[in-house]
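Q: Sequence first, predicted model second:
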Amino acid sequence: MGRVRQANRTSSSGPELQVSDTLLLFAFALALRLAHVLAMRHSPYFDHPLVDAFTFHQDAKSIASGGGHPDRIFWQPPGYPYFLGLIYWAVGGVNFLAPRVAQAVLGALAVVLTAWIGARQLGRSVGLAAGSTVALYGTLIYFDGELLSVSLTVALQLGAVALALLASGAERSRLLWLAAGAVAGLASLVTATSLVFVAVLAVFARRLAPWCLIGAMLAIAPATIRNFVRGGELIPISSNGGVNLYIGNNPRYDEVVAVRPDARWKDLTAEPVRHGISSKAGASNYFAGKVTEWARQDPVAFLRLQLRKVRLLVGGDEIFRNQAIYPARAYSPVLSVLLWKVPGVAFPFGVLVPLSLLGLAVAWKRAPLLAWIVAIYALANVAFFITAQYRVPMVPYLAIFAALGVRWFLGETRRSARAVAMAGVLGLYALSNLGAGPMPARMNADAELTLAGFLHLEGRLEEARRHYLLSIEERRDDPEPWADLGALETDSRHPDSAERAFQEALAIKPEYVGALLGLGALRESEGRPEEAIAFYRRASLADPNDAWPRARVLELSRRLGIRAESR
């Protein structure tokens with residue numbers, strides 16, 4: 001270890017990155033990302049953002065048009081919608097290419113920042129290797145092409161760390177620590193878990209910690225003030241923290257984490273209201289309270305879930321949140337090379353993890369700020385739930401330690417230490433790669449269903465039909481795609497096909513409201529009002545809160561001259 005410390009002292013004080021290094025890294029990274037973005041234009045998902053991306057898109061449209069953010073109290077951190085809205089405003093309206101190009105630039109900037117940080121802490125060779133790793137990192141390239149907050153988060157987090165490193169070696173460092181805190185605060189407005197960066201930077205600022213904290217508070221204050229002025233509640237950033245904590249910490253983890261924004265999601269988020277809680281802060285506290293209560297009542301199950309999430313965190317599989325990641329390889333030649341799984345290898349994360357943990361083990365004292373960022377951000381991920389989207393901001397720091405680990409293994413250690421290290425790396429490799437599962441070639445059923453719905457609304461019926469059928473093929477026990485397909489067949493004037501689709505939905509769930517309403521409308525169009533009334537009554541009983549079937553029963557009964565049941 002003495003040799004390692006001496007080598008690191010030499011490398012950290014050696015030549016830093018040259019201008020030519022940064023220009024080459026930036027150009028290379030940008031070229032890869034632009035190639036990916038342009039290739040993804042052929043994907044139907046390119047101009048049909050889903051779930052979180054759709055929410056960001058809708059919020060950004062409102063901001064760009066001058067209407068401001070639609071939430072009275074921010075439900076999600078508002079930074080990315082404002083970033084996206086600024087781009088829409090700058091280009092004169094909605095443009096699905098412009099923000100992705102901007103994110104490609106941010107991704108290339110993140111590569112340069114990674115290289116600079118690595119060189120500053122551990123030497124030029126480590127910086128160049130880490131920057132090259134991030135430039136070629138398939139998952140980062142993927143998210144640079146999505147309307148999600150990852151690219152902006154990563155760039156801001158790296159910017160905050162770079163400013164902190166500059167501050168630690170500067171004579172007049174107060175303003176640099178203020179700036180580091182402010183940039184970390186901005187990152188928190190994009191992804192709330194970035195608050196851990198504020199905490200870590202403040203600890204390392206020591207006596208200048210107040211400057212770092214003031215910078216963060218100044219950055220976050222506009223969101224806090226707006227939440228209070230518009231919504232009347234003192235919520236620092238957003239109100240979704242409690243429900244996200246619950247999603248990742250409950251006895252039905254697999255079921256709850258898979259809930260998408262449908263009736264089940266509405267039922268989950270309405271739970272505090274059913275308990276008499278009307279405030280956003282109260283709702284967040286309600287879900288946080290459920291987590292602490294479960295942990296108290298069943299600590300063994302709670303700890304078992306935390307260990308499972310640690311296993312998921314270090315696993316090579318890229319776990320998606322709303323939209324499967326691996327199927328994008330079919331459109332992007334870049335991803336087809338840089339993001340893949342085969343039995344025994346989940347590339348790239350399954351390769352990065354064992355090498356980076358080796359680097360952490362041998363050199364964490366040489367780069368303590370980076371080591372603590374990795375540790376604390378990993379814990380922040382485990383505290384909620386594990387997905388590729390929330391895990392990938394760790395990659396630049398892992399890449400730095402992986403580069404150091406490889407350099408140490410190849411030339412800076414004794415043979416006996418190398419043998420021990422090899423055993424550890426192989427064990428970590430097995431943990432990260434074995435059992436990662438097959439690489440899906442098809443998009444997940446929820447994404448196919450949502451895309452089909454958009455295409456249906458646009459009148460692209462043949463394309464919509466194909467995606468409804470793909471959704472059905474992926475998940476045959478779900479009545480929703482069958483009912484939606486029935487609605488499409490009705491619009492296509494194919495009553496027999498519509499009938500079959502609706503009946504398939506009812507075979508799965510006999511009182512599925514969408515299918516009952518569809519059959520009611522179909523019977524109306526066929527001039528069979530008595531049968532339509534029967535279906536509408538069943539729908540009304542299945543969902544008493546839906547006024548539409550009751551209204552149809554009353555209208556059809558009036559036409560037939562019969563008295564409708566009041567219910």
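A: In hand now; what should we look at?

Q: Helices of the stretch 251-400 of the chain, residue ranges please.
A: Remark: helices assigned in the stretch 251-400 of the chain by DSSP state H, counting those that start in this stretch are 253-257, 263-269, 271-274, 280-297, 299-314, 333-338, 349-363, 368-383, 388-391, 395-411.

Q: so which of these gets nearest G561?
A: helix 263-269 (35.7 Å; C-beta to C-beta). Just so you know, the C-beta spots here come from the backbone N, C-alpha and C atoms, and that holds for glycine as well.

Q: model confidence over that closest one, on average?
A: For helix 263-269, mean pLDDT is 83.

Q: Name the residues of it that are buried.
A: Within helix 263-269, the residues scored as buried using 16 or more other C-beta atoms under 10 Å are T269.

Q: do the same with stretch 341-359
A: Within stretch 341-359, the residues scored as buried using 16+ other C-beta under 10 Å are 341, 345-359.

Q: how about low-confidence regions in the stretch 251-400 of the chain?
A: For the stretch 251-400 of the chain, no stretch has pLDDT under 70.

Q: can you tell me which helix in this structure is longest?
A: helix 98-122 (DSSP state H).

Q: May I see the helices of the stretch 251-400 of the chain arranged in TSV, with distance to Q121 as well?
A: Shown next, in TSV, are those (distance: least, C-beta to C-beta, whole Å):
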stretch	distance to Q121
helix 253-257	35
helix 263-269	43
helix 271-274	45
helix 280-297	36
helix 299-314	23
helix 333-338	26
helix 349-363	9
helix 368-383	6
helix 388-391	22
helix 395-411	7
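
Q: Quick one, which of these gets closest to W548.
A: Evaluated with C-beta to C-beta, these place helix 263-269 nearest to W548, the distance being 15.1 Å.

Q: For the closest one, give me every contacting residue.
A: Here helix 263-269 makes contact (C-beta atoms under 8 Å, 6 or more residues apart in numbering) with 243, 256, 259, 283.

Q: Is there a neighbour count for the last one? I'd like the number.
A: Here the neighbour count serves as a burial measure; for A283 (other C-beta atoms under 10 Å) it reads 21.

Q: Am I right that it is in contact with R274?
A: No. The pair A283 and R274 fails to qualify as a contact (C-beta atoms under 8 Å) at a distance of 10.9 Å.

Q: can you list the domains in the protein?
A: For the chain, automatic domain parsing gives the domain ranges 2-234+315-433, 451-560.

Q: deepest of those, which one?
A: With neighbours taken as mean count of other C-beta atoms under 10 Å, those reach their highest mean count in domain 2-234+315-433, at a mean of 20.

Q: Find the helix or strand that F74 is a member of.
A: When elements are assigned from DSSP states H and E, F74 belongs to no helix and no strand.

Q: Need the pLDDT of it.
A: Value for F74, per-residue pLDDT: 97.

Q: List the contacts of G359.
A: By C-beta under 8 Å, 6+ apart, the contact list for G359 reads 400-406, 408.

Q: Oh, that last question was meant for A547, not what I typed.
A: So A547 contacts nothing (C-beta under 8 Å, 6+ apart).

Q: Could you check how far it is from L554?
A: Computed as C-beta to C-beta, to the nearest Å, the A547 to L554 distance reads 10 Å.

Q: again, but for Q76
A: 40 Å.

Q: Spatially central residue for this protein, please.
A: The geometric centre of the chain, computed from its C-alpha atoms, lies nearest to Q389 (C-alpha atoms, centre = their mean), at 3.7 Å.

Q: Grab the nearest non-local neighbour of F228.
A: Sequence neighbours aside, L234 is the residue nearest to F228 in space, at 5.5 Å (criterion: C-beta to C-beta, 6 or more residues apart in numbering).

Q: tell me the angle the helix or strand containing V229 makes with helix 280-297.
A: Taking DSSP H and E as the definition, one finds V229 inside helix 209-231. Computed with axes from the mean of the first three to the mean of the last three C-alpha atoms, to 10 degrees, the direction of helix 209-231 lies at 120 degrees from that of helix 280-297.

Q: Now do helix 209-231: which elements does it pack against?
A: Counting contacts by 3 or more C-beta pairs under 8 Å, 6 or more residues apart in numbering; DSSP states H and E, helix 209-231 packs against helix 174-190, helix 195-205.

Q: moving C-terminal of it, what's the next helix or strand?
A: Heading C-terminal from helix 209-231 (DSSP H and E), you reach helix 241-247.

Q: ok now that following helix, how far from the chain's centre?
A: 14 Å (C-alpha atoms, centre = their mean, to the nearest Å).

Q: that older thread, nearest to A270, of the domains of the chain?
A: domain 451-560 (11.1 Å).

Q: so how far is that closest one off the chain centroid?
A: Averaging C-alpha positions (C-alpha atoms, centre = their mean) puts domain 451-560 32 Å from its chain's average.

Q: With stretch 282-298 instead?
A: Between the centre of stretch 282-298 and the centre of its chain there are 23 Å (C-alpha atoms, centre = their mean).

Q: Can you give me the buried ones in that stretch?
A: Within stretch 282-298, the residues scored as buried using 16+ other C-beta under 10 Å are 282-284, 286-288, 290-291, 294.

Q: Dump those residues into CSV; add distance to P81 as well.
A: As requested, the buried residues of stretch 282-298 are arranged in CSV below (distance: C-beta to C-beta, whole Å):
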residue, distance to P81
G282, 24
A283, 21
S284, 20
Y286, 26
F287, 23
A288, 25
K290, 28
V291, 27
W294, 32
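
Q: L97: which of these is nearest?
A: Of the buried residues of stretch 282-298, the one sitting nearest to L97 (C-beta to C-beta) turns out to be S284, at 36.2 Å.

Q: residues in contact with the closest residue in space to that closest one that isn't next to it in sequence?
A: In space, S284 comes closest to G242 once its chain neighbours are excluded; the distance is 3.2 Å by C-beta to C-beta, 6+ apart. By C-beta under 8 Å, 6+ apart, the contact list for G242 reads 283-288.

Q: Over to D477?
A: Here D477 is in contact with I508 (criterion: C-beta under 8 Å, 6+ apart).

Q: residues in contact with stretch 74-94?
A: Outside stretch 74-94, the residues touching it (C-beta under 8 Å, 6+ apart) are 52, 55-57, 59-64, 69, 71, 95, 98-99, 102, 147-149, 152, 186-192, 223, 226-227, 235, 237-240.

Q: about what we covered before: of all the domains of the chain, which one is nearest R308?
A: Using C-beta to C-beta, the domains of the chain put domain 2-234+315-433 closest to R308, at 9.1 Å.

Q: tell me how far the closest one is from the chain's mean position?
A: On C-alpha atoms, centre = their mean, the centre of domain 2-234+315-433 falls 13 Å from that of its chain.
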